[in-house]
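In: Just need the structure, nothing else, for what follows:
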Amino acid sequence: MSYRPNESNAQIYAEGAWLQGAIVTGVLYGVVIVLAAMCWRSLWPRAQPRGTGYKKNRFLLCYVAFLFVVGTIYVAFNAQITQMGFIDNRLYPGGPSAYEEATSSAPLNTAFVVSDWCADLLMIWRCTVVYKDSGIYYVIVGLGSLLYLGTLITGTLWLVIVSTPAQSESGWMSFSLLFPYLCFSLAINIFISLLTVIRLLYHRHRISKVLGLGHGAIYASFASIIIESAAIYSTCSLLYLIPYTLNSPVSYAFMQILGEAQIIAPLLIIYRIAVGKAWTNRSTTLMDDNSIPLGQPSSLPKPPPPATPLNVEISFHQEITRDESIRAPKSSYPMKFTEDYAHEADVFSKAV
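Out: Predicted structure coming up:
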């Protein structure tokens, strides 16, 4: 006896993608909680008025709190719409997957777009920090601003259109509405990520050439490149957009995962900033108190020449003084100087 529902394989596969995506999203929300707590713990002492750069740390503290609230709203309403599709409206024509695809949730959509805006803004800021000392700094700022303006416009239009009753009934996953917005967002992710990775690899090569391979790995390790470039965010965007353009049900899972991934990536960057491991404006020149400016090897201070070895020759000989005022102290034990003692002293001096 089979308890399989009377549905096609494609329909069951789509429902499984929706449900598994919701489960993984809940797991990623746990990661968001841990990262937010770590960021708060590291930023709170630095955000005090007496601390250095406390204004920036206060802003980052508020930014982390805002991301946490947005992530909480997203996972809460994502769980609600999953429950509505699989339990409350189980007999909807086409099954839970059809219900979820045709249902629009304004808080869920708003949380998704706002978190995407926050992630894009932080990525552009980090890219400008990495290119601060380069000749194309203003070009990077201009391109990043144009791309961010594009995602603001398309994201706002998408939110307004899908919030209307007519579009809500036709489905918030409409390809014609969501695709332009996702293209702008993905363009920012990939473009900014590639620029950041290229710059970090350039600095790694530059530092390794001057100070050695070990120092290059410290300043631009694989982990720092992955985190600073927000490669997690870009990878999840690709994993969502490629199946989405192919009309594959796998996109249903990655769409839900992307909502939390675009919060995790900024939190990782902020945590590195809070603990002092992130790339800063000073990292490009290495001009802190315990380092030297980068330059050609000839500009580095040369080590002093090795000192010549010091050879000391010690000889023992008998010294006779004529000054009667200098007399050896009398010993309380009388000792008789014989020819045997003189012979032993002569042998000792030759041995030395």
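In: For this structure, which segments count as strands?
Out: Remark: no strands are assigned in the chain by DSSP state E.
In: Helices of that one, residue ranges please.
Out: In the chain, the helices defined using DSSP state H lie at 9-46, 54-83, 95-102, 106-130, 137-162, 165-170, 175-211, 213-219, 222-228, 231-245, 250-274, 339-351.
In: Check the ones you listed for me and report the most buried one.
Out: The highest mean neighbour count among those, using mean count of other C-beta atoms under 10 Å, belongs to helix 250-274: a mean of 24. Just so you know, the C-beta spots here come from the backbone N, C-alpha and C atoms, and that holds for glycine as well.
In: Could you tell me the angle between that helix and helix 95-102?
Out: Orientation check (axes from the mean of the first three to the mean of the last three C-alpha atoms, to 10 degrees): helix 250-274 against helix 95-102 gives 60 degrees.
In: and helix 250-274, average pLDDT?
Out: For helix 250-274, mean pLDDT is 88.
In: Helix 54-83 and that one, what's the angle between them?
Out: Counting by the same axes, to 10 degrees, helix 250-274 lies at 160 degrees to helix 54-83.
In: now for helix 250-274, which elements pack on it?
Out: Applying 3 or more C-beta pairs under 8 Å, 6 or more residues apart in numbering; DSSP states H and E, we find helix 250-274 packed against helix 9-46, helix 54-83, helix 95-102, helix 106-130, helix 222-228, helix 231-245.
In: redo that, cut-off 7 Å
Out: If you count contacts as 3 or more C-beta pairs under 7 Å, 6 or more residues apart in numbering; DSSP states H and E, helix 250-274 packs onto helix 9-46, helix 54-83, helix 106-130, helix 222-228, helix 231-245.
In: I'd like those helices as JSON lines, with distance to Y181 and mean pLDDT appended.
Out: Shown next, in JSON lines, are the helices and strands packed on helix 250-274 (distance: least, C-beta to C-beta, whole Å; pLDDT from 0 to 100):
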{"stretch": "helix 9-46", "distance to Y181": "19", "mean pLDDT": "91"}
{"stretch": "helix 54-83", "distance to Y181": "16", "mean pLDDT": "91"}
{"stretch": "helix 106-130", "distance to Y181": "8", "mean pLDDT": "87"}
{"stretch": "helix 222-228", "distance to Y181": "25", "mean pLDDT": "59"}
{"stretch": "helix 231-245", "distance to Y181": "11", "mean pLDDT": "83"}
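In: Ok, which of those helices comes nearest S193?
Out: Smallest distance to S193 across those (C-beta to C-beta): 4.6 Å, for helix 231-245.
In: angle of that closest one against helix 175-211?
Out: 150 degrees.
In: who's in contact with helix 231-245?
Out: 119, 182, 185-186, 189-190, 193, 250-251, 254-255, 257-258, 261-262, 264-265 (C-beta atoms under 7 Å, 6 or more residues apart in numbering).
In: Please repeat the previous calculation with a cut-off of 8 Å.
Out: With contact meaning C-beta atoms under 8 Å, 6 or more residues apart in numbering, helix 231-245 is reached by 119, 123, 178-179, 182, 185-186, 189-190, 193, 197, 225-226, 249-251, 254-255, 257-258, 261-262, 264-265, 268.
In: go on, stretch 145-155?
Out: Residues outside stretch 145-155 that contact it (C-beta under 8 Å, 6+ apart): 113, 116-117, 120-121, 124, 180-181, 184-185, 187-188, 191-192.
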